[in-house]
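In: I'd like to go over a predicted model; first the sequence, then the structure.
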Amino acid sequence: MKRNKITIVGAGNVGATCAHWAAAKELGDIVLIDVAEGTPQGKALDLMEAAPVEGYDSIIIGTNDYADTADSDVVIITAGIARKPGMSRDDLLNTNAGIVRNVTEQIVKYSPNCYILVVTNPVDVSTYIAYKASGFGPNRVFGLSGVLDSARFRTFIARELNVSFEDVTTFVLGGHGDDMVPLVKYTYVGGIPVSTLIPEDKLEAMVERARKGGAEIVNYLKTGSAFYAPSASVMQMAECILKDKKRILPVSAYLQGEYGESDVFAGVPAIIGGDGVEKIIEIDLSENEMQALKNSINSVRSNIARLS
Ligand SMILES: NC(=O)c1ccc[n+]([C@@H]2O[C@H](COP(=O)([O-])OP(=O)(O)OC[C@H]3O[C@@H](n4cnc5c(N)ncnc54)[C@H](O)[C@@H]3O)[C@@H](O)[C@H]2O)c1
Ligand SMILES: O=C(O)C[C@H](O)C(=O)O
């Protein structure tokens with residue numbers, strides 16, 4: 001029986017932690033690849049040497065050679081620079097656009113049948129670049145945004161109510177930027193609408209904190225950005241493909257008329273299963289929510305227009 005093969009491009013904070021979650025969940029064998037010589041090799045060996053203690057059976061290799069990534073089922077792109085305090089994610093575009101394009105070309109050459117999950121920021125634009133460079137169908141290339149942004153919003157709500165994190169469900173839509181759209185209307189705690197449990201002003205403060213959740217961590221860390229919750233989030237997306245889970249998750253997906261938008265990536269709810277983005281779900285939005293989504297998508301479009 002063929003084992004799943006997961007390639008993670010970029011062996012930095014997000015990439016190495018993705019490998020950690022993937023091994024802990026025994027999602028498959030793992031290839032960690034980076035331009036830095038020694039880094040992926042050292043981190044992969046170190047992680048594999050934890051296997052006898054933790055009891056997972058993933059084979060983990062580190063490399064600088066794309067030939068080792070051949071025939072991957074899922075490829076996660078985390079390569080590129082991260083922001084520092086005072087920067088926006090969009091400030092990373094000039095450096096990261098070329099990296100994502102180049103990485104995608106290499107990946108596709110060796111794994112023509114894979115699914116590509118993009119993490120590198122600004123993620124909605126990076127995912128657009130990877131989609132165009134891959135020549136893959138839109139179901140096979142998508143990005144990390146809403147799972148992470150929703151996880152932050154869920155965390156704040158669960159702590160406020162002192163309930164299990166698992167029992168809070170929500171959606172955050174739009175681009176993964178400061179104008180993302182957390183949807184209070186679609187937020188439930190154990191099936192109960194959150195608006196009946198938390199006063200409006202407190203909820204609004206949590207919405208704002210979720211929107212700025214990335215910057216909050218950057219301001220603490222100073223030298224880089226969040227990686228535990230981001231890597232857990234993207235590995236949940238990978239797991240949905242590898243196990244054909246068909247979960248409904250908010251992901252950065254290619255829009256072809258949904259929500260009145262085309263030829264752009266933005267966070268929307270979608271069924272994620274063995275065939276990647278199997279269906280984008282269009283939910284009812286109020287006029288204000290739709291306008292907020294459009295504003296957020298317009299920010300993504302203006303960055304796409306900056307690409308040469
Ligand atoms: N979409 C999201 O929600 C989300 C969440 C967290 C981080 N990010 C983004 O993910 C990216 C990585 O973050 P990080 O904290 O891991 O950064 P990091 O600096 O710790 O790691 C980045 C790694 O990429 C490698 N790299 C650079 N160019 C490469 C290339 N051409 N090929 C292969 N590897 C290359 C570097 O050597 C480094 O090891 C950043 O752009 C960050 O903004 C996005
Ligand atoms: O904030 C960042 O730059 C990294 C990531 O997009 C996040 O939301 O944590």
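Out: Structure's in. What do you need? Ligands and ions are numbered 1, 2, ... in the order given.
In: neighbours of the residue of the chain found nearest ligand 2, how many?
Out: Per CB to the nearest ligand atom, the residue of the chain with the smallest distance to ligand 2 is residue 214, at 2.3 Å. Backbone N, C-alpha and C define where each C-beta goes, glycine included. Neighbours of residue 214 under the rule other CB atoms under 10 Å: 25.
In: residues of the helix or strand encompassing it that come out buried?
Out: Element membership of residue 214 [criterion: DSSP states H and E] is helix 213-221. Residues of helix 213-221 classed as buried: 213, 214, 215, 217, 218 (neighbour count, 16 or more other CB atoms under 10 Å).
In: cool, stretch 35-51 as well?
Out: 39, 40, 41, 43, 44, 47, 48, 51.
In: ok so, going back, the residue of the chain closest to ligand 2 reaches residue 229, doesn't it?
Out: No - in this structure, residue 214 is not within contact of residue 229 by CB atoms under 8 Å, at 9.8 Å.
In: wait, which of the buried residues of helix 213-221 is closest to residue 103?
Out: residue 214 (21.8 Å; CB to CB).
In: what segments of the stretch 1-150 of the chain are strands?
Out: In the stretch 1-150 of the chain, the strands defined using DSSP state E, counting those that start in this stretch lie at 5-9, 29-33, 60-63, 74-77, 115-118, 141-143.
In: pick the most deeply packed of the ones you listed.
Out: Each of the strands of the stretch 1-150 of the chain was scored by mean neighbour count; the highest is strand 141-143, a mean of 30, by mean count of other CB atoms under 10 Å.
In: and that one, how far from the chain's centre?
Out: Chain-centre distance of strand 141-143: 8 Å, with CA atoms, centre = their mean, to the nearest Å.
In: which residues of this structure fall in helices?
Out: 13-24, 39-48, 51-54, 93-110, 123-134, 146-161, 200-211, 213-221, 228-242, 287-305 (DSSP state H).
In: among these, which is nearest residue 262?
Out: That would be, of the helices of the chain and by CB to CB, helix 287-305, which comes in at 10.4 Å.
In: centre of the chain to that closest one, how far?
Out: 19 Å.
In: also stretch 132-141?
Out: 16 Å.
In: quick one: buried residues of that stretch?
Out: Buried residues in stretch 132-141 (16+ other CB under 10 Å): 133, 134, 136, 139, 140, 141.
In: what residue ranges in the chain score low on pLDDT?
Out: Residues of the chain meeting the criterion pLDDT under 70: none.
In: still on that earlier bit, ok, which pair from the buried residues of stretch 35-51 is furthest apart?
Out: Within the buried residues of stretch 35-51, 39 and 51 form the most distant pair, 19.7 Å apart (CB to CB).
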